[in-house]
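Engineer: Sequence and computational prediction follow.
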Amino acid sequence: MLKTIHNNKLYMVTQPDHGQIAGYLAAHWGNDEFNAPGYFHTSDDHNRLKDEVVLAVSEHDNGWWEWEATPELNKNDGLPMNLTEFLTNLQEGMKRWRLGLPRFSQNHPYASLLMSFHAYWLYAQNVFEDPDPSFLHPLVRRTTLLEYTLEDEKLEGAKNFITELENIQAGFISTIKNNPETAHWVEEEHLKPNARFLQLMDALSLSLCSNLIPPNKGDAVGLGDDEFDLTDVPRKGWQDRVVVKIKPQGQKRIVCEPYPFNIDPLPVFVPAKIFDLPVEKPANFQTHWHSNNIQLIHYEYCSK
């Protein structure tokens with residue numbers, strides 16, 4: 001669950017809804033200046049590859065399905081724990097990936113592979129001494145959601161999980177290579193920009209659904225009101241990467257420089273449960289949660 005306090009209200013967005021927003025952004029990415037996902041390198045079937053990338057982006061947090069249905073509750077407000085609270089438990093965080101990564105792997109091993117790289121780089125940024133800066137997630141540009149992995153007693157567990165992910169990836173890659181139609185998808189010119197693209201769509205969605213993305217200056221406000229930069233954004237391919245500046249203009253209107261989407265302006269609707277503060281702790285969570293309406297927060301990405 002993504003929980004954000006904003007203007008004396010508590011905004012709550014589920015992980016699956018956040019993923020769907022990311023998938024929506026991915027499906028609309030691409031114009032004369034930016035290649036769409038799946039088009040970063042030559043392929044016999046760009047549209048099929050794009051489908052795999054969009055699926056990976058939209059379902060990258062599918063391991064949270066079960067948790068979101070019956071979440072662990074915060075002892076103070078009686079509502080679902082925030083993502084940052086829950087992930088202090090290293091094993092529980094890894095459990096989400098172990099549930100999610102194989103879910104679509106039988107029919108969509110490439111999508112599963114991209115999801116696994118998303119998990120891999122989140123942990124690798126804390127574990128490796130010299131991680132590849134091209135895969136620095138905007139989450140950890142100034143702070144890190146997984147900084148607890150640096151604690152001595154948890155660092156070894158994180159290293160073991162990275163090895164586990166590498167073994168999972170080897171299985172996905174073998175399956176993909178065994179299909180002549182998809183074997184070229186794991187070439188570096190495809191794999192690197194597609195993996196980076198998933199990270200970037202995750203960050204854009206998180207900036208609308210939470211206050212987790214660090215802004216260029218000061219503390220995060222969240223819910224689309226922070227200015228930040230997307231770095232190492234594949235434009236035409238992996239060797240052509242740029243910085244996209246995200247600049248809120250007020251009234252949920254956000255300028256992107258340069259502009260990467262195929263519609264200008266691009267409307268985005270984020271479903272949220274919104275509670276006035278202070279929150280009255282519910283006696284029965286499920287009834288209370290489902291009795292509250294979902295409200296849509298309307299954003300617009302635009303070029304100017």
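Structural biologist: Yep, it's here. Just so you know, these numbers come straight off a predicted model, no measurement behind them. Numbering: from 1, shown residues only.
Engineer: buried stuff in stretch 62-74?
Structural biologist: Residues of stretch 62-74 classed as buried by neighbour count (16 or more other C-beta atoms under 10 Å): N62, G63, W64, W65, W67, P71, L73, N74. Every C-beta, even on glycine, is put in place using the N, C-alpha and C of the backbone.
Engineer: Apologies, that question was intended for stretch 244-252.
Structural biologist: Using 16+ other C-beta under 10 Å as the test for burial, stretch 244-252 gives V244, I246, P248, K252.
Engineer: farthest pair in those?
Structural biologist: Farthest-apart pair in the buried residues of stretch 244-252 is V244 and K252; separation 18.4 Å (C-beta to C-beta).
Engineer: how near is D225 to A272?
Structural biologist: Using C-beta to C-beta, to the nearest Å, D225 is found at 14 Å from A272.
Engineer: Can I get the lowest-mean-pLDDT helix or strand in the chain in PDB, CA atoms only?
Structural biologist: Least confident helix or strand of the chain, by mean pLDDT, DSSP states H and E, is helix 83-86 with a mean of 90. Extracted in PDB, the C-alpha atoms of helix 83-86 (Å, rounded to 0.1, in the frame of the first residue of the first chain):
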ATOM      1  CA  LEU A  83       5.200   0.100   1.800                       C
ATOM      2  CA  THR A  84       8.100   1.600   3.700                       C
ATOM      3  CA  GLU A  85       6.900   0.100   6.900                       C
ATOM      4  CA  PHE A  86       6.400  -3.400   5.400                       C
END
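Engineer: residues making contact with the helix or strand just after it?
Structural biologist: Note on helix 83-86: by DSSP states H and E, the next helix or strand toward the C-terminus is helix 90-100. Helix 90-100 is contacted from outside by 59-67, 86-87, 115-116, 119, 146, 148-149, 154, 157-158, 161, 165, using C-beta atoms under 8 Å, 6 or more residues apart in numbering.
Engineer: What segments of the stretch 1-150 of the chain are strands?
Structural biologist: Secondary structure of the stretch 1-150 of the chain, counting by DSSP state E, counting those that start in this stretch: strands at 2-6, 9-13.
Engineer: now these in CSV, with distance to W238 and mean pLDDT?
Structural biologist: CSV is the format used below for those (distance: least, C-beta to C-beta, whole Å; pLDDT from 0 to 100):
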stretch, distance to W238, mean pLDDT
strand 2-6, 30, 96
strand 9-13, 31, 97
